[in-house]
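Q: sequence unknown, structure follows:
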């Protein structure tokens, strides 16, 4: 086959440093999500949906062929961190957590994952971020050590 094609979908989740609720303001949260969608598109990993809540984000994207997961996440965090720090002195202490969780998404499950991400505000009325991540890790059969998941 002379052409390289790829249809790999991923669901990325990461939070602010120490899970600080920097995104309480809904308009700002939406602006951050839109900015992240633009960054991931420039990285040739077009977003399907970007969402989240006060202290974390979810990015569902069609993963590109020319970037590693680690480089993609590093660049998303780096560029958005710099952008947020231009928003004023109250952002001086802003930072993203060091780690992240990323999960594969099958084409047949893409709509369900999009719905899950779009309903984050309602979802987090019942469940905190840490419990959400634990549930996602368990659902995807990922072993983890609580000592190293949170920062």
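A: Yes, it's here. Keep in mind that what you see is a predicted model, and the values were worked out from it rather than measured. Residues are numbered from 1 along each chain as shown.
Q: residues making contact with stretch 135-146?
A: When contacts are defined by Cβ atoms under 8 Å, 6 or more residues apart in numbering, stretch 135-146 is touched by residues 13, 101, 103, 127, 149. To be clear about C-beta, it is placed using only N, CA and C from the backbone, and glycine gets the same treatment.
Q: swap the cut-off to 10 Å and go again
A: 11, 13, 58, 101-104, 116, 127, 130, 133-134, 149 (Cβ atoms under 10 Å, 6 or more residues apart in numbering).
Q: filter the residues you listed down to the buried ones.
A: Neighbour counting by 16 or more other Cβ atoms under 10 Å classes 11, 13, 58, 101, 102, 103, 116, 133 among the contacts of stretch 135-146 as buried.
Q: OK, contacts around the one residue sitting closest to the centre of the chain?
A: Centroid-nearest residue in the chain, with Cα atoms, centre = their mean: residue 58, separated by 3.2 Å. Each residue near residue 58 by Cβ under 10 Å, 6+ apart is listed here: 11-14, 33, 36, 49-52, 101, 113-114, 116-118, 120, 132, 136.
Q: show me where this protein has its helices.
A: Taking DSSP state H as the test, the helices found in the chain are 26-42, 69-85, 110-118, 120-123, 129-139, 146-149.
Q: residue 19: which of these is closest?
A: Across these, residue 19 has its closest neighbour in helix 129-139 (5.9 Å, Cβ to Cβ).
Q: quick check: buried residues in that closest one?
A: So, applying 16+ other Cβ under 10 Å, buried residues of helix 129-139: 129, 132, 133, 136, 137.
Q: point out where the protein drops to low pLDDT.
A: 1, 149-151 (pLDDT under 70).
Q: of all the helices of the chain, which lies closest to residue 4?
A: Using Cβ to Cβ, the nearest of the helices of the chain to residue 4 is helix 69-85, at 17.6 Å.
Q: angle of that closest one against helix 26-42?
A: In terms of direction (axes from the mean of the first three to the mean of the last three Cα atoms, to 10 degrees), helix 69-85 departs from helix 26-42 by 140 degrees.
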